[in-house]
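**Student:** With the sequence up front, the predicted model follows.
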Amino acid sequence: MWGKEKGLLRPYPLICHLLDTAAIAGRLWDVMLGTRSRGLIAERLGLGEDASRRWVCCWAGLHDLGKITPPFQSMSASRYAVLAADEAYASAPGAEGERGLRHERATHWALTGLFAEWGYPHGRLSQSVAHQVAQLLGGHHGVFGCALEASKLRAPEVW
């Protein structure tokens, strides 16, 4: 799966982009945040500074998870043909044509469920840590998605 291609000689693998982003987040934590800021973040997360740094890196690395979706991957038709033929890459028929599902929105949707599975507090969406962190990461281009509807989260593949 590809993650970046604009200005590059060839598409850059998505996993490499995600790992690069996680590594840069760690470097920014180390260099740009002062002791007080790191301590405040750790306090708010209820973790030590090392664990907080790891979570920030993990979150940063997940910011483009939505790029695994057919609408994004199909922007490179030749690469998508190979991917779509792989049984391990399951998608609904015609999903590649859903241009309304941008990768940021898919990230928000996917991470809300993933974080809930990981044990993040999740109840009413307005108070759900799983949803709020996913919404933050989905907004990495500066536009944050609306709160998701609980009924749609129960069967996201339908939507």
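**Tutor:** Yes, it's here. Numbering: from 1, shown residues only.
**Student:** For residue 154, see how far away the closest residue in space to residue 12 that isn't next to it in sequence is.
**Tutor:** Leaving aside its sequence neighbours, residue 12 sits nearest to residue 4 (CB to CB, 6 or more residues apart in numbering; 4.2 Å). All C-beta spots, glycine's among them, are computed from the backbone N, C-alpha and C. Computed as CB to CB, to the nearest Å, the residue 4 to residue 154 distance reads 33 Å.
**Student:** And these two? Which one has more around it.
**Tutor:** Per other CB atoms under 10 Å, whichever of residue 4 and residue 154 has more neighbours is residue 4, with 15 against 9.
**Student:** so what's the more buried one up against?
**Tutor:** Neighbouring residues of residue 4 by CB atoms under 8 Å, 6 or more residues apart in numbering: 11-12, 17.
**Student:** Stretch 137-154: which residues count as buried?
**Tutor:** Residues 137-140, 145, 148, 153 are the ones in stretch 137-154 that count as buried (16 or more other CB atoms under 10 Å).
**Student:** quick one: which of those sit in helices?
**Tutor:** 137-138, 153 (DSSP state H).
**Student:** from the residues you listed, which is closest to residue 103?
**Tutor:** residue 138 (9.0 Å; CB to CB).
**Student:** next structured bit after the helix or strand harbouring residue 16?
**Tutor:** Using DSSP states H and E, the element containing residue 16 is helix 14-32. The C-terminal neighbour of helix 14-32 among helices and strands, as given by DSSP H and E, is helix 35-45.
**Student:** so how far is the helix or strand of the chain with the lowest mean pLDDT off the chain centroid?
**Tutor:** Here the helix or strand of the chain ranked lowest by mean pLDDT, DSSP states H and E is helix 150-153, holding a mean of 74. Relative to its chain's centre, helix 150-153 lies at 18 Å (CA atoms, centre = their mean, to the nearest Å).
**Student:** name the helices or strands packed onto it?
**Tutor:** helix 103-117 (3 or more CB pairs under 8 Å, 6 or more residues apart in numbering; DSSP states H and E).
**Student:** For the helix it packs on, C-alpha coordinates in PDB please.
**Tutor:** Taking Å, rounded to 0.1, in the frame of the first residue of the first chain, the C-alpha atoms of helix 103-117 are listed here in PDB:
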ATOM      1  CA  HIS A 103      -8.600   9.200   4.400                       C
ATOM      2  CA  GLU A 104      -8.800  11.600   7.300                       C
ATOM      3  CA  ARG A 105     -12.500  10.600   7.900                       C
ATOM      4  CA  ALA A 106     -11.600   7.000   7.600                       C
ATOM      5  CA  THR A 107      -8.900   7.400  10.200                       C
ATOM      6  CA  HIS A 108     -11.300   9.000  12.600                       C
ATOM      7  CA  TRP A 109     -13.800   6.200  12.100                       C
ATOM      8  CA  ALA A 110     -11.300   3.400  12.300                       C
ATOM      9  CA  LEU A 111      -9.400   4.700  15.300                       C
ATOM     10  CA  THR A 112     -12.600   5.300  17.300                       C
ATOM     11  CA  GLY A 113     -13.300   1.500  17.200                       C
ATOM     12  CA  LEU A 114      -9.600   0.500  17.600                       C
ATOM     13  CA  PHE A 115      -9.100   2.700  20.600                       C
ATOM     14  CA  ALA A 116     -12.200   1.400  22.200                       C
ATOM     15  CA  GLU A 117     -10.900  -2.200  21.600                       C
END
